[in-house]
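>>> How does the following fold in three dimensions:
(one chain, ligands or ions: 2)
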Amino acid sequence: MVDEILRLKRERGAVILAHNYQLPEVQDVADFVGDSLELSIKAAEVGAKLIVFCGVDFMAEQAAVINDSATVLHPDPDARCPMAAMISVDDIRRARKLFPRAPVVIYVNSPAVVKAEADYVVTSANAVDVVKALESDVVIFGPDRHLAEYVAEKTGKIVVPVPPNGHCPVHIRFRADEVRILKSLYRDAVFIAHPECPAEIRSLAGFVGSTSQMIRFVKGCDSCRQVIVGTEIGIIHRLAKENPDKVFIPASTSAICTDMKRITLEKVYRSLRDGVYRVEVPREIAERVKRAIENTFRVLGREPPWLRR
Ligand code: 13P
Ligand code: SF4
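Numbering: from 1, shown residues only. Ligands and ions are numbered 1, 2, ... in the order given. Next comes the predicted model:
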């Protein structure tokens, strides 16, 4: 299967992008594995005409928005992020009416039609920096209320969560008492957590960041011999591969995103063989999303990757 995928990939001139939560064997056939921000940038930078995106719906959609000259294939369109489905266009429009002067900052984990309503589109890697850089002291933020809370903690601003209870069903599974038990069993371990975790869990962590920020943190931390991992367990494949001398303990063995796991090698193969399933975003929506992403890069003092060439 792997040989066939690599053969078809060469034949079609395709590039495979995969998220850090993908199944180990899928990560291993990918040309690039990363977090949402890195994958968005990679999607813009790859010269390939064909991108096979191994991740959930909003990520494949984001790649199609960013690189409109490539065909983006999603091996299983049923791999959908439940958090992204928790926010609607009406939620944003209602919030704008209530807080007319507050900028709308939308987490990348949302559908393109929702991002098209945003002033800024952020990922967990840059949400704090973006909100910090905005002039306004009040921002509307959706759909993850835990990330909204984290951004408020870090910036001291008022962050209005829209909808009020948007969340990741995987990251709310961690239990503070279980994390405390693990910390007492592994006394020298560092606990790392994703900002989608509730505040009680984040407060126990020695490091909070996006998936790739966690990977960089662990790599750069010589004293981190044991790491308790507070995010989806798919990340442990890469952590272990890149740090063979360190031990990784999942904070919860049930922290599994079943949607991420829908992408299998067989589906990647079929995607390349049959050219399925093509991700299409209406041009008008894509243009509006792109503008919101450009605003994000500019507020951070960077050039959007598609304007860099
Ligand atoms: P990252 O951008 O940190 O990889 O997170 C994406 C995600 O879906 C987390 O659940
Ligand atoms: Fe969505 Fe959570 Fe899965 Fe990330 S881990 S894709 S936020 S359901």
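
>>> distance between stretch 1-20 and the chain's centre?
22 Å (C-alpha atoms, centre = their mean, to the nearest Å).

>>> Any residue of stretch 295-306 touching ligand 1?
No: on the criterion C-beta under 6 Å from any ligand atom, stretch 295-306 is out of touch with ligand 1, staying 13.7 Å away. (C-beta placed from N, C-alpha, C; glycine too.)

>>> Report the mean per-residue pLDDT for that stretch.
Averaging pLDDT along stretch 295-306 gives 94.

>>> Now it - C-alpha only, PDB.
This file holds the C-alpha atoms of stretch 295-306, laid out as PDB (Å, rounded to 0.1, in the frame of the first residue of the first chain):
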ATOM      1  CA  ASN A 295      -5.400  40.700   8.000                       C
ATOM      2  CA  THR A 296      -4.000  38.200  10.500                       C
ATOM      3  CA  PHE A 297      -0.600  38.100   8.800                       C
ATOM      4  CA  ARG A 298      -0.400  41.900   8.500                       C
ATOM      5  CA  VAL A 299      -1.400  42.500  12.200                       C
ATOM      6  CA  LEU A 300       1.600  40.200  13.000                       C
ATOM      7  CA  GLY A 301       3.800  42.200  10.700                       C
ATOM      8  CA  ARG A 302       4.200  39.300   8.200                       C
ATOM      9  CA  GLU A 303       3.500  38.900   4.500                       C
ATOM     10  CA  PRO A 304       0.800  36.300   3.700                       C
ATOM     11  CA  PRO A 305       2.600  33.300   2.200                       C
ATOM     12  CA  TRP A 306       0.800  33.500  -1.100                       C
END
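
>>> Surely residue 69 touches residue 48?
No: judged on C-beta atoms under 8 Å, residue 69 makes no contact with residue 48 at a distance of 10.0 Å.

>>> Who has more neighbours out of those two?
Between residue 69 and residue 48, counted using other C-beta atoms under 10 Å, residue 48 has the larger neighbour count: 20 against 8.

>>> ok, the more buried one - contacts?
By C-beta atoms under 8 Å, 6 or more residues apart in numbering, the contact list for residue 48 reads 13, 14, 15, 70.

>>> Distance check, residue 266 against residue 241.
23 Å (C-beta to C-beta, to the nearest Å).

>>> Likewise for residue 137?
43 Å.

>>> What are the phi and psi values at residue 8?
phi -60, psi -40 (degrees, to the nearest 10).

>>> Let me know how buried the closest residue to it other than its chain neighbours is, in neighbour terms.
Among residues not flanking residue 8 along the chain, residue 272 sits closest, at 4.0 Å (C-beta to C-beta, 6 or more residues apart in numbering). Taking other C-beta under 10 Å as the criterion, the count of residues near residue 272 is 23.

>>> same deal with residue 232?
25.

>>> so it touches residue 170, yeah?
Yes: here residue 232 reaches residue 170: they are 5.5 Å apart, a contact under C-beta under 8 Å.

>>> Residues that sit against both of those two, list them.
Joint contacts of residue 232 and residue 170 (C-beta under 8 Å, 6+ apart) are 255, 256, 257.

>>> ok, so of those, who is nearest ligand 2?
Distance to ligand 2, by C-beta to the nearest ligand atom, is smallest for residue 257 among those, at 3.3 Å.

>>> Show the pLDDT at the closest one.
The model's pLDDT for residue 257 equals 99.

>>> residues contacting it?
21, 56, 81, 170, 232, 234.

>>> Am I right that the first one is in contact with residue 212?
The reference is to residue 21. No: look at residue 21 against residue 212 with C-beta under 8 Å: they stay out of range, at 11.5 Å.

>>> Those two - which one has more neighbours?
In this view residue 21 and residue 212 are compared by other C-beta under 10 Å, and residue 21 has more residues nearby, 28 against 22.
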